[in-house]
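In: next come a sequence and a model predicted from it.
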Amino acid sequence: ICLLPLSIDGKKSTTMVCCVQVVCRGCALANDQREIRESLERKCPFCRHPIPKSQADIDKSIKKRAEMNCPAALRMIGTECYTKGDFGDAFKYYTK
């Protein structure tokens with residue numbers, strides 16, 4: 001992980017679904033290339049946990065982080081609720 005300040009441009013970073021941490025795309029790409037070169041299992045460059053393979057695993061991981069009051073996970077769930085039109089739950093997650 002480079003530890004450089006992240007760009008305001010969201011296209012230059014990615015949110016890792018296992019730990020809900022934002023990592024620059026350069027670090028994510030370098031990690032992916034290393035794993036391919038060395039024939040390793042895909043893992044998060046931040047927490048080193050395996051990348052969830054299904055949407056159900058992703059949802060489970062995000063909900064687990066939200067239960068620990070992780071602000072990024074709460075924001076992700078709130079945004080999902082807002083997108084679906086569930087404004088009450090969105091407000092609940094945004095203000096938790």
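Out: Great, that's in hand.

In: work out the gap between the helix or strand of the chain with the lowest mean pLDDT and the centre of the chain.
Out: When the helices and strands of the chain are scored by mean pLDDT, DSSP states H and E, strand 13-16 comes last with a mean of 86. Centroid separation for strand 13-16 versus its chain: 6 Å, with C-alpha atoms, centre = their mean, to the nearest Å.

In: contacting residues around it?
Out: The contact list for strand 13-16 (C-beta atoms under 8 Å, 6 or more residues apart in numbering) reads 6-7, 21-25, 28, 44-47, 51, 72, 76. Just so you know, the C-beta spots here come from the backbone N, C-alpha and C atoms, and that holds for glycine as well.

In: only whichever of those residues are buried, select them in PyMOL.
Out: Here is the PyMOL command that selects the buried residues among the contacts of strand 13-16 (16 or more other C-beta atoms under 10 Å):
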select buried, resi 21+23+24+28+44+45+46+51+72+76
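
In: which of the contacts of strand 13-16 fall in strands?
Out: Gln21, Val22, Val23, Cys24 (DSSP state E).

In: is it possible to get CSV of those residues that adds distance to Leu40?
Out: Output for the ones in strands among the contacts of strand 13-16, formatted as CSV (distance: C-beta to C-beta, whole Å):
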residue, distance to Leu40
Gln21, 20
Val22, 23
Val23, 17
Cys24, 20
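
In: among those residues, which one lies nearest to Cys2?
Out: Nearest to Cys2 among the ones in strands among the contacts of strand 13-16 is Cys24, at 6.2 Å by C-beta to C-beta.

In: for the closest one, give me its contacts.
Out: Cys24 neighbours (C-beta under 8 Å, 6+ apart): Cys2, Leu4, Leu6, Ser7, Lys12, Ser13, Thr14.
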